[in-house]
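Engineer: dropping the sequence and predicted coords here.
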Amino acid sequence: MIELAGLEKRFGDHLVLRGIDLSMQEGSVTALVGPSGGGKSTLLRCINLLEIPSAGSLQVGGEKIAFRQDARPPRADVQKIRRQTGMVFQNFQLFPHRSAIENVMEGLVTVLKWPKDRARERAMELLTKVGMAQKADAWPSTLSGGQQQRVAIARALAPSPRVLLCDEPTSALDPELSGEVVEVLAQLAREGTTMVMATHDLRLAARVAGEVIVLDDGQVVETGASKVIFSHPSRERTKRFIATLTSESEGLDFRSND
Amino acid sequence: MPDWLQLMWSSLGPLLWAALVYTVPLTLLSFVLGLIVGLVCAVVRLFGPRPLVWIVRFYVWIIRGTPLLVQLFVIFYGLPSIGVTLDAFTAGLIGFTLNVGAYTSEILRAVLSAVPKGQWEASYSIGMTWSQAMRRTIVPQAARIAVPPLSNSFISLVKDTSLAAAITVPELFQAAQRIVATTYEPLVLYIEAALIYLVISSVLSSLQQRLEVRFGQYGGFLEARA
């Protein structure tokens, strides 16, 4: 479903991803965890090409693309990959000049050229799914963080992407609000939505993800089922990292955001 | 009716006519054209290739660094000596357009780059192309913050068009000058002309307020006091 082979990303002289080989199955939910600066976000952003990898290859669904340091891939190829993916951002990034439902309709109307009433119907279904139907006509600025993130999830799902990418989806939210977002993501997971999420939020990772990938210093240092990794990490460094997450989530009440 | 009031009343017709036929069209046309020039320049400055960026910077440097009146003289009186003869209105239109373009390009560059980068990424993430993101996401948000500074330019422009009198455009101010030449009543006529400029600017200011309200409906910013 998603295949990364020898994926590298370089910012100037700094190698942020050092040859990542991964594959994710259809219907799986994968959490990318690891210390800050380990490359989680960058890896996620490489999957929908918000960052263009410097080397290696990427396959999402049926679209495959190879990267070279000195040449940007053709725009059409980038578009094809992006259309297979949906993205949820840490800071929601709803369009502030569009109402909740217009945010969800935007990709359908502008990119996929759906007629407005059909797009509205689909958007309403998605808003209902994330529990935001009653706020369909609200401006984003009048919604709480958790509500904005739920609308953002609906927006990302609207064009029926093959995979939903979530970049720290709960870390700008306080525990109470992040709870409602975790609920929505857990429900999507149960329905078989393929997801990859970068997160610090142990509650999110343990509750929603089936697979865990630990990234440190641009490399995959450990992979496995989330139950196994969280209870019996094999590497000392991973153990310590999991321990910090656990203590953080125990002290969640004092931690308003990341 | 005192004499001065009588004079004001009898000159009102010709002055308003001059405003309607010259001042207003010159203002509107050069503002619209100038905005287009400004938008193109702003986009080039932000996203364009190096050589084009230099050309735009050179253009802005020249226009902002020299007096508008001198620019108008160069275009109307200077260009004929290299074979480019323009009628007064066209010369004025070109001069004002170039001027508006240079100043608004800086405004537009600022407001376009004020829209957070995450808005581009959100647009790309739902599959938009660069131009779709620009049109649907960036420009509408930039337009909102652009209203006050662009209104400044617009109102300045209304008054600046009086400089066109110096290159023989028979606009509002020149119409007043011509009446003064026969009546010898400069105080009355120039105050009357000033009042007409004031009325036009006031109408534009109220238009600005309406635009701000319209663009401001989605909230999330500090409410502007009316």
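Structural biologist: Nice, I can see it. Numbers count the residues shown, from 1 in each chain, chains lettered A, B, ... in the order given.
Engineer: please identify the buried residues of the helix ranked longest in chain B?
Structural biologist: Ranked by residue count and defined by DSSP state H, the top helix of chain B is helix B:186-215. Within helix B:186-215, the residues that count as buried by 16 or more other CB atoms under 10 Å in any protein chain shown are B:188-189, B:192-193, B:196-197, B:200, B:208, B:211, B:215. C-beta coordinates here come from the backbone N, C-alpha and C atoms, glycine included.
Engineer: how about low-confidence regions in the stretch 101-250 of chain A?
Structural biologist: Residues of the stretch 101-250 of chain A meeting the criterion pLDDT under 70: A:245-250.
Engineer: return the residues of it in contact with chain B.
Structural biologist: Within the stretch 101-250 of chain A, the positions lying close to chain B (CB under 8 Å from any CB of the partner chain) are A:106-107, A:110-112, A:139-142, A:155-156, A:158-159.
Engineer: out of the residues you listed, which end up buried?
Structural biologist: Buried subset of those (neighbour count, 16+ other CB under 10 Å): A:106-107, A:110-111, A:139-140, A:155-156, A:158-159.
Engineer: state the helix or strand in which A:Ala172 lies.
Structural biologist: Element membership for A:Ala172 (DSSP states H and E) is empty, with no helix or strand holding it.
Engineer: returning to what we had before: export the residues of the stretch 101-250 of chain A next to chain B as a markdown table, with columns for secondary structure.
Structural biologist: Output for those, formatted as a markdown table (DSSP: H, G, I helix; E, B strand; the rest coil):
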| residue | secondary structure |
| --- | --- |
| A:Glu106 | helix |
| A:Gly107 | helix |
| A:Thr110 | helix |
| A:Val111 | helix |
| A:Leu112 | coil |
| A:Trp139 | coil |
| A:Pro140 | helix |
| A:Ser141 | helix |
| A:Thr142 | helix |
| A:Arg155 | helix |
| A:Ala156 | helix |
| A:Ala158 | coil |
| A:Pro159 | coil |
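Engineer: and the furthest pair within those residues?
Structural biologist: Spatial extent of those (CB to CB) is set by the pair A:Leu112 and A:Thr142 at 27.7 Å.
Engineer: next, count neighbours for the residue lying closest to A:Val163 once chain neighbours are set aside.
Structural biologist: In this structure, A:Val163 finds its nearest non-sequential neighbour in A:Thr194, 4.5 Å apart by CB to CB, 6 or more residues apart in numbering or on different chains. Neighbour count of A:Thr194, defined by other CB atoms under 10 Å in any protein chain shown: 23.
Engineer: state the helix or strand in which A:Leu204 lies.
Structural biologist: Following DSSP H and E, one finds A:Leu204 within helix A:202-208.
Engineer: and that helix, what does it pack onto?
Structural biologist: Counting contacts by 3 or more CB pairs under 8 Å, 6 or more residues apart in numbering or on different chains; DSSP states H and E, helix A:202-208 packs against strand A:29-33, helix A:175-190, strand A:195-198, helix A:226-231, helix A:236-250.
Engineer: show me what whichever helix or strand comes after that helix is in contact with.
Structural biologist: Note on helix A:202-208: by DSSP H and E, the next helix or strand toward the C-terminus is strand A:211-216. Outside strand A:211-216, the residues that touch it by CB atoms under 8 Å, 6 or more residues apart in numbering or on different chains are A:22, A:24, A:28-35, A:38-40, A:43, A:205, A:220-226, A:229-230, A:233, A:235, A:237-238, A:241.
Engineer: pull out the buried residues from the residues you listed.
Structural biologist: The buried subset of the contacts of strand A:211-216 (16+ other CB under 10 Å) comprises A:22, A:24, A:28-35, A:38-40, A:43, A:205, A:220-222, A:224, A:226, A:229-230, A:233, A:238, A:241.
Engineer: and A:Lys64, that one's in a helix?
Structural biologist: No - if the criterion is three-state DSSP, then A:Lys64 is strand and not within a helix.
Engineer: what is the burial count for it?
Structural biologist: Neighbour count of A:Lys64, defined by other CB under 10 Å: 14.
Engineer: chain A contacts on chain B?
Structural biologist: Selection of chain B residues close to chain A by CB under 8 Å from any CB yields B:116, B:118-119, B:121-122, B:124-129, B:132, B:136-137, B:140-141, B:144, B:217-220.
Engineer: so which of these belong to strands?
Structural biologist: Judged by DSSP state E, strands contain none of these.
Engineer: got a PyMOL select line for the buried ones in the residues you listed?
Structural biologist: Of the residues of chain B next to chain A, the buried ones go into a single PyMOL selection, burial set by 16+ other CB under 10 Å:
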select buried, chain B and resi 119+121+122+124+125+126+127+128+129+132+136+137+140+141+144+218
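Engineer: distance-wise, check A:Ser234 relative to chain B.
Structural biologist: 35 Å (CB to the nearest CB, to the nearest Å).
Engineer: now do the SS call for the nearest residue to that residue once chain neighbours are set aside.
Structural biologist: The spatially closest residue to A:Ser234, leaving aside those adjacent along the chain, is A:Glu222, at 6.4 Å (CB to CB, 6+ apart). The three-state label for A:Glu222, taken from three-state DSSP, comes out as strand.
Engineer: can you tell me which residues contact the residue of the stretch 151-258 of chain A found nearest chain B?
Structural biologist: Using CB to the nearest CB, the closest approach of the stretch 151-258 of chain A to chain B is made by A:Pro159 at 6.2 Å. Contacts for A:Pro159 were tallied using CB under 8 Å, 6+ apart; they are A:83, A:86, A:107-108, A:111-112, B:126-127.
Engineer: next, give phi and psi for it.
Structural biologist: Backbone torsions of A:Pro159, given as degrees, to the nearest 10, read phi -80, psi 20.
Engineer: one more: the one 5 residues further on?
Structural biologist: The phi and psi torsions at A:Leu164 (degrees, to the nearest 10) take the values phi -100, psi 120.
Engineer: burial measure for it, as a count.
Structural biologist: Neighbours around A:Leu164, by other CB under 10 Å: 22.
Engineer: kindly report the same for B:Leu52.
Structural biologist: So B:Leu52, with other CB under 10 Å, has 15 neighbours.
Engineer: surely it meets B:Leu46?
Structural biologist: No - the pair B:Leu52 / B:Leu46 is not scored as a contact, 11.2 Å apart, by CB atoms under 8 Å.
Engineer: tell me the SS of the residue nearest to B:Arg57 when sequence neighbours are not counted?
Structural biologist: Computed as CB to CB, 6+ apart, the closest residue to B:Arg57 that is not its neighbour in sequence is B:Arg45, at 7.4 Å. Of the three states, B:Arg45 takes helix under three-state DSSP.
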